[in-house]
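Student: I need the structure of the sequence given here:
(2 chains)
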Amino acid sequence: MNPTDKAAAAGTGTPPAAEWTPRIVAFFCNWCTYTAADLAGVSRLKYSPNVRVIRLMCSGRVDPQFILDALSKGADGVLIGGCHPGDCHYVEGNYKMLRRFRLLRRMLSDMGIEPERVRLEWISAAEGDKVKLVINEMSAQLSALGPLNLPGKAKGWDAELTAEREAVHA
Amino acid sequence: MPKPKVAFYWCASCGGCEETVVDLAEDILGVVEKLDIVLWPVAMDFKYADVEAMEDGAIFATLLNGAIRSTEQEQMARLLRRKSRVLVAYGSCACMGGIPSLANGFAREEILKFNYEDAPSVVNGPRTRPQLSFEEEGRKTHLPEQSRVVRSLDQVVDVDYFIPGCPPTPLITKKALAALLGDAPPPKGSVLAPDTALCEECPRKVGKPADLSFAQFRRPHQALLDPEKCLLAQGVVCLGPATRGGCGAQCPAGNMPCTGCFGPTSRVRDQGAKILSSLCANLEAKEAPDIDRVLEGIPDPVGTFYRYGMAKSILRRRVDLNGG
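Tutor: Presented below is the predicted three-dimensional model:
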């Protein structure tokens, strides 16, 4: 292990491997997927507790910056839920998300992030069971992939910075 | 009253920013009249020891260009920070990592191996690599160590102002110097350029349709471009909508798309994510395979969207390089 890796492993606040479970940030659209998650709740469907749901008015509101921000702040995966094609309350929003998602996936894999960590699903208001299925599946997938731990990685990268190492050799 | 002291320094950069200072042409005389240059390695002979000997805060302002990617650059940045009352990140590299920060897509070893062994133009039989220290006849010499991560200046030391551009234009430099020397200096942390998107000042704005719709992307060498119509309307990836103005839209005026060197406006955190968002929203295709086919027209999204700003992007660096 080189010093950078050691620094990445130390002081990151990441629990030891045995205790770790994935952290998923989910952006659900108000009209379909969030309502579906509500339905899953009312129907007492049990799904993995690893997901933190954020309600937005439309999947078209999911700025790719939100996804990068979630990952960089410690999410192991990001799930986006929107209405099925043709069903968007705002007509086009889910198509916009789909297009952004297709390019963002390519960009993420170029940046060394497994494409499975970001997932887009169409889930209508009636599909509470699909919410359960997708979350459980993604949680299992991320458990297999292991932690992404970007905050810890960034800390490790910056371990090479030292205030005063030695005199400047002009 | 003694003239305020200024320093110009360069780190990981190409020298283009220094050229802008020279491009002030006769206006440089006005600068010299008002200011006393105490360090400018590209043009004048001063030693680092002279700077070290100064009292802390003795320099009024340092304009530092270039990214930080070696131990020497880091130490000089810290030294000049200590000696200067105002530290200005000058140019895209100091502001956002610039072109050098594209190296954040690679491990240091990959970079060294390519440059000293594998590049087609390299002849290096014994595979010599730069050494950190070397001794001959009792004399020991040192070389700075290349860092693993390329950084913007403000990722290393506290920065007071940012002047963006690759390079910043003489006009924007002159305006910034005047603002710094004026009675009411701008608030700390300001980017000394307009806070509006480039499209605002683009001469092609009139030719921009209200609704853009991309059926395909073309690169500038693949088409004869209409010199007046909005480049986006012609299917060319132009970063104007996600880029700060202030350059006078010189590239679009010269029939080339904006590549984003002024960085994002204050409302945007990640320039690449924002232009991705904007371009993709306006694609015509609705099915994944068709979408992918159109997006193939952007062969290198990371290099295109973060050409000048990988270091300051949210991810900063390819994340799977581990310690490399």
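Student: after the worst-scoring helix or strand of chain A on mean pLDDT, next one along is what?
Tutor: Least confident helix or strand of chain A, by mean pLDDT, DSSP states H and E, is helix A:3-9 with a mean of 44. Beyond helix A:3-9 in the direction of the C-terminus, DSSP states H and E gives the next helix or strand as strand A:24-29.
Student: quick one, helices of the chain?
Tutor: Here I'm looking at chain A. A:3-9, A:33-42, A:64-72, A:93-110, A:128-145, A:150-157 (DSSP state H).
Student: please refer instead to chain B.
Tutor: All helices of chain B, identified by DSSP H, fall at B:16-23, B:27-34, B:48-53, B:71-83, B:92-96, B:108-113, B:170-181, B:250-253, B:271-281, B:288-295, B:301-305.
Student: could you dump those to TSV with distance to chain A and mean neighbour count?
Tutor: C-beta: built from backbone N, CA, C; applies to glycine. Formatted as TSV, those follow (distance: least, Cβ to the nearest Cβ, whole Å; neighbours: other Cβ atoms under 10 Å in any protein chain shown):
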stretch	distance to chain A	mean neighbour count
helix B:16-23	19	19
helix B:27-34	25	12
helix B:48-53	4	14
helix B:71-83	5	22
helix B:92-96	16	33
helix B:108-113	10	15
helix B:170-181	26	18
helix B:250-253	23	17
helix B:271-281	4	24
helix B:288-295	5	16
helix B:301-305	5	21
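Student: adding distance to chain B and mean neighbour count, write the helices of chain A out as a markdown table.
Tutor: Output for the helices of chain A, formatted as a markdown table (distance: least, Cβ to the nearest Cβ, whole Å; neighbours: other Cβ under 10 Å):
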| stretch | distance to chain B | mean neighbour count |
| --- | --- | --- |
| helix A:3-9 | 4 | 17 |
| helix A:33-42 | 19 | 20 |
| helix A:64-72 | 4 | 21 |
| helix A:93-110 | 4 | 22 |
| helix A:128-145 | 12 | 18 |
| helix A:150-157 | 5 | 20 |
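Student: smallest gap between chain A and chain B, at which residue?
Tutor: Closest contact between chain A and chain B, by Cβ to the nearest Cβ, is at A:Gly112 (3.3 Å).
Student: which residue packs closest to that residue, ignoring adjacent ones?
Tutor: Distance criterion Cβ to Cβ, 6 or more residues apart in numbering or on different chains; nearest residue to A:Gly112, sequence neighbours excluded, is B:Asp320 at 3.3 Å.
Student: run through the residues of the stretch 51-200 of chain B sitting next to chain A.
Tutor: B:52, B:71-72, B:74-76, B:78-79, B:105, B:141-144, B:147-149, B:151, B:156 (Cβ under 8 Å from any Cβ of the partner chain).
Student: now with 7 Å?
Tutor: For the stretch 51-200 of chain B, the contact set with chain A under Cβ under 7 Å from any Cβ of the partner chain comprises B:Thr71, B:Glu72, B:Glu74, B:Gln75, B:Met76, B:Arg78, B:Leu79, B:His142, B:Ser147, B:Arg148, B:Val149, B:Val156.
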